[in-house]
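Peer 1: Pasting a predicted model and its sequence here:
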Amino acid sequence: GRATAGGRGRFPLKLLLLGYGRVAKSFISLINSKKEYLEELRNVELCGIVTRRGLMLSPAEHFRPDAQCDAFQALERLSPDILVDLSTPNYQTGEPSTSLYLRAFEQGTGVITANKAPLALGYTRIVSAAKKVGIGFQATVMSGTPSVNLQRVLPGLRVTMVRGILNGTSSYVLDRMAEGLSLEHALNEASEHGYTEGDPSIDLNGIDSAAKLVILANLYMGRGISLSDVKIGPVDYTHIGRNTKVRMVAHSTLNSACVSIETLAVDDPLHCVRGAESALTISSDVMELTIRGMGAGPVAAAYGVLSDLVLMYRELFNKLGALGKQ
Ligand code: HSE
């Protein structure tokens, strides 16, 4: 029969998606293509997709829009095990996602998000409210390259600095400009690759990098900072020298956080990046390490969400196993 997963859920785990853009579509097809390799994915079920236009029920029902049902009503009505937030970030208020997460946690629904704004504006509140049910946010920083989820395999490190190239669009644009292209032309290409935010000025002006830096600084150093604590600038795209490696760099120590455009020296650990790739250096009392990988684009983002889903599934499954043994 059906087993109880965690406090309220049952297997198969029911997912409610918030948003239906490129990341959501990639996520759905990635789940389907990885089912063969991951037993966990054969045991999850998409029970609905909610957008600003209303609720669409499972693909079998041809995504019939239901304008009567907003995300809060969908959450209550479908009572999913996991809310997957793939909606557009709202850097003014973090809403409606922030309130939705808090509501979800209250009813025992876990959250997996690729949306940076809620955590960039209210990290501490959201993460403490998530304690019992869980939140996955790998996809918010470096997409599928395990920047966030790396933290759980580094127990006890006293991290003193995080420094990274965290925005794919600006990296791509700066590289192409160093090859002689115009900003506009380069940005169009970045958009064609699917790297850009809905509003690409957020990529170029440093807000996307700053949001990611806030998430990392809070996660790794417990800084308790918010987006407005990050000093942004200079972000100047006018004098990009030919054949130089210029990047938007996000940097937090224990008492500062800033984003700026820098020319990278050849011996800089971040110098290894190519094109739109991201990289992150973590310095600690024990060691320094650098990771590098693709951090933008719908499939990369979808993989970040998928990895959180599988990890959350395993956690619930293990809890269930522990309950079974009692
Ligand atoms: N627009 C973002 C970027 C997508 O260019 O890095 C990944 O978060």
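Peer 2: Alright, I've got the coordinates.

Peer 1: Please spell out which residues along the longest helix along the chain are buried.
Peer 2: Counting by DSSP state H, the longest helix found in the chain is helix 298-325. Going by neighbour count (16 or more other CB atoms under 10 Å), the buried part of helix 298-325 is 298-313, 316-317, 320. (Each C-beta comes from the backbone N, C-alpha and C, glycine too.)

Peer 1: same question, stretch 268-280
Peer 2: Buried residues in stretch 268-280, counted by 16+ other CB under 10 Å: Asp268, Leu270, Val273, Ala276, Glu277, Ser278, Ala279, Leu280.

Peer 1: The second one against Arg247, yeah?
Peer 2: Going back to what we said before, that points to Leu270. Yes. Contact criterion CB atoms under 8 Å: Leu270 and Arg247 qualify, at 6.9 Å.

Peer 1: Nearest residue to the middle of this protein?
Peer 2: Taking CA atoms, centre = their mean, the centroid of the chain lies closest to Thr140, which sits 1.6 Å from it.

Peer 1: shared neighbours of Leu270 and Arg247, anything?
Peer 2: Taking CB atoms under 8 Å, 6 or more residues apart in numbering as the contact rule, Leu270 and Arg247 both touch Ile165, Leu264.

Peer 1: can you pull the contacts of whatever residue of the stretch 1-150 of the chain ends up closest to the ligand?
Peer 2: Relative to the ligand, the nearest point of the stretch 1-150 of the chain is Ser143 (5.7 Å; CB to the nearest ligand atom). Applying CB under 8 Å, 6+ apart to Ser143 gives the contacts Ala114, Ser278, Met294, Gly295, Ala296, Gly297, Ala300, Ala301, Tyr303, Gly304.

Peer 1: can you map out the strands along the stretch 201-326 of the chain?
Peer 2: With DSSP state E, counting those that start in this stretch as the criterion, the stretch 201-326 of the chain has strands at 231-232, 246-252, 257-263, 277-284, 288-294.

Peer 1: Around the ligand, pick out the residues from the stretch 1-150 of the chain.
Peer 2: Ser143 (CB under 6 Å from any ligand atom).

Peer 1: for the stretch 1-150 of the chain, what are the low-confidence residue spans?
Peer 2: Judged by pLDDT under 70, the stretch 1-150 of the chain has its weakly predicted residues at 1-10, 58-63.

Peer 1: Tell me where it has helices.
Peer 2: Along the stretch 1-150 of the chain, the segments classed as helices by DSSP state H, counting those that start in this stretch run 22-34, 71-78, 97-106, 117-129.

Peer 1: Could you dump the ones you listed into JSON lines with mean neighbour count added?
Peer 2: What follows is these, written out as JSON lines (neighbours: other CB atoms under 10 Å):
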{"stretch": "helix 22-34", "mean neighbour count": "18"}
{"stretch": "helix 71-78", "mean neighbour count": "18"}
{"stretch": "helix 97-106", "mean neighbour count": "21"}
{"stretch": "helix 117-129", "mean neighbour count": "21"}
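
Peer 1: So for Ile232, which of those helices sits nearest?
Peer 2: With respect to Ile232, and counting by CB to CB, the nearest of these is helix 117-129 at 12.6 Å.

Peer 1: Return the closest one as PDB; C-alpha atoms alone will do.
Peer 2: Only the C-alpha atoms of helix 117-129 are listed here, as PDB (Å, rounded to 0.1, in the frame of the first residue of the first chain):
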ATOM      1  CA  ALA A 117      14.600  36.900  -4.300                       C
ATOM      2  CA  PRO A 118      12.800  35.500  -1.200                       C
ATOM      3  CA  LEU A 119      16.100  34.200   0.200                       C
ATOM      4  CA  ALA A 120      18.000  37.300  -0.800                       C
ATOM      5  CA  LEU A 121      15.500  39.500   1.100                       C
ATOM      6  CA  GLY A 122      14.600  37.200   4.000                       C
ATOM      7  CA  TYR A 123      17.000  34.300   4.300                       C
ATOM      8  CA  THR A 124      17.000  33.900   8.100                       C
ATOM      9  CA  ARG A 125      13.300  34.000   8.500                       C
ATOM     10  CA  ILE A 126      12.600  31.500   5.700                       C
ATOM     11  CA  VAL A 127      15.400  29.100   6.600                       C
ATOM     12  CA  SER A 128      14.400  29.000  10.300                       C
ATOM     13  CA  ALA A 129      10.700  28.500   9.300                       C
END
